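*Asks:* generate a structure from the sequence data that follows.
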Amino acid sequence: MEELAVLEAVERRVLWLSTAIIDHANRVRPNPSGLKVGGHQASSASMTSIMTALWFHALTAEDRVSVKPHASPVLHAINYLLGELDESYLTTLRAFGGLQSYPSRAKDPDPVDYSTGSVGIGATAPLWGALARCYVEGHFGGAGRGRQYSLLGDAELDEGAIWEAIQDPMVPSLGEAVWVVDLNRQSLDRVVPGIAADRLRGMFAAAGWQVITLKYGNVLRELFGRPGGEALHARIDAMDNPEYQRLLRCSAGELRERLPGT
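*Replies:* Reported below is the predicted structural model:
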């Protein structure tokens, strides 16, 4: 429990820093042109818990991670806390010569394992990284045996190249490829239609992948154990994505009226 408390404290710091990086770029730094700077604050926030657990608990020196493009502020915040990024860069998101919009091995001043600027390409790159490492290790040795992680959003799974990659017959035997899909039901320009979780789970499983679903945290699980909790559980599971997004923005009074449904 003590370790979890420390991780939660680090998570809050990472969330604050990533939000501050985006806020400074949009509201503090002079902007003579008036053009929107952006920075994907919500998409970053939805990855904070996952990335904190990886970098401060799970990763080894041999592991490599492809971070989804819209979570680059979280990566920069983590690198700063680890001493891998100078403080002066925290105010330079999307500035000339500063922190890049999306993680870039060539342009970012801090460590980036995979460049992920083009949607879909960054997600699949660790598969080819794993294949290359297996080849080098088998023929020459010394390549190591670390895991290859892909962090991606559910909207990124719209890219056809992703499904071509996961169905490659070599992929299920790699053993070191781990994909973490951030199922936040939201893409850049729309709410992801329908309820995709079951369909996506089935498609990965059909391609030979082991699928583990992590959906509800301690707060909701405690609510599910109360009287009426089973109905609440069923209601949330059956809720389509547009309604879910609307309820997130309701006041407490509106939520009590709308949550029971019909």
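*Asks:* now for the helix or strand encompassing residue 132, which elements pack on it?
*Replies:* Assigned by DSSP states H and E, residue 132 falls within helix 121-139. On a contact count with 3 or more CB pairs under 8 Å, 6 or more residues apart in numbering; DSSP states H and E, helix 121-139 meets strand 64-66, strand 148-153, helix 160-166, strand 177-182. C-beta coordinates here come from the backbone N, C-alpha and C atoms, glycine included.
*Asks:* not counting its own residues, what contacts that helix?
*Replies:* Contacts with helix 121-139, where a contact means CB atoms under 8 Å, 6 or more residues apart in numbering, come from 64-69, 102-103, 114-116, 142-146, 148-150, 152, 156, 159, 161-162, 165-166, 168, 170-171, 174, 176-177, 179.
*Asks:* how about stretch 71-91?
*Replies:* For stretch 71-91, contacts defined as CB under 8 Å, 6+ apart pick out 10, 13-14, 17-22, 24-25, 28-29, 39-41, 43-44, 47-48, 51-52, 55-56, 67, 93, 98-103, 108-112, 151.
*Asks:* of those, grab the buried ones for PyMOL.
*Replies:* Buried subset of these, written as a PyMOL selection, criterion 16 or more other CB atoms under 10 Å:
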select buried, resi 10+13+14+17+18+19+21+22+24+25+39+40+41+43+44+47+48+51+52+55+56+67+93+98+99+100+101+102+103+108+109+110+112+151
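*Asks:* which residue lies nearest the spatial centre of the chain?
*Replies:* For the chain, residue 47 is the residue whose C-alpha lies nearest the centre (CA atoms, centre = their mean; 4.1 Å).
*Asks:* nearest spatial neighbour of it, chain-adjacent residues omitted?
*Replies:* Nearest residue to residue 47, sequence neighbours excluded (CB to CB, 6 or more residues apart in numbering): residue 71, at 4.2 Å.
*Asks:* tell me how far that neighbour lies from residue 80.
*Replies:* 15 Å (CB to CB, to the nearest Å).
*Asks:* centre of the chain to the helix or strand bottoming out on mean pLDDT in the chain, how far?
*Replies:* Using mean pLDDT, DSSP states H and E, helix 241-248 stands out as the lowest-scoring helix or strand of the chain, at a mean of 84. Distance of helix 241-248 from the chain centroid (CA atoms, centre = their mean, to the nearest Å) equals 20 Å.
*Asks:* so residue 104 makes contact with residue 115?
*Replies:* Yes: using CB atoms under 8 Å, residue 104 is in contact with residue 115, at 4.9 Å.
*Asks:* what touches both of these two?
*Replies:* With CB under 8 Å, 6+ apart applied, the contact sets of residue 104 and residue 115 do not overlap.
*Asks:* which helix of this structure spans the most residues?
*Replies:* Longest helix in the chain by number of residues (criterion: DSSP state H): helix 2-23.
*Asks:* neighbours of residue 5, how many?
*Replies:* A total of 9 residues lie near residue 5 under the criterion other CB atoms under 10 Å.
*Asks:* what about it, distance to residue 74?
*Replies:* The gap separating residue 5 from residue 74 is 21 Å, by CB to CB.
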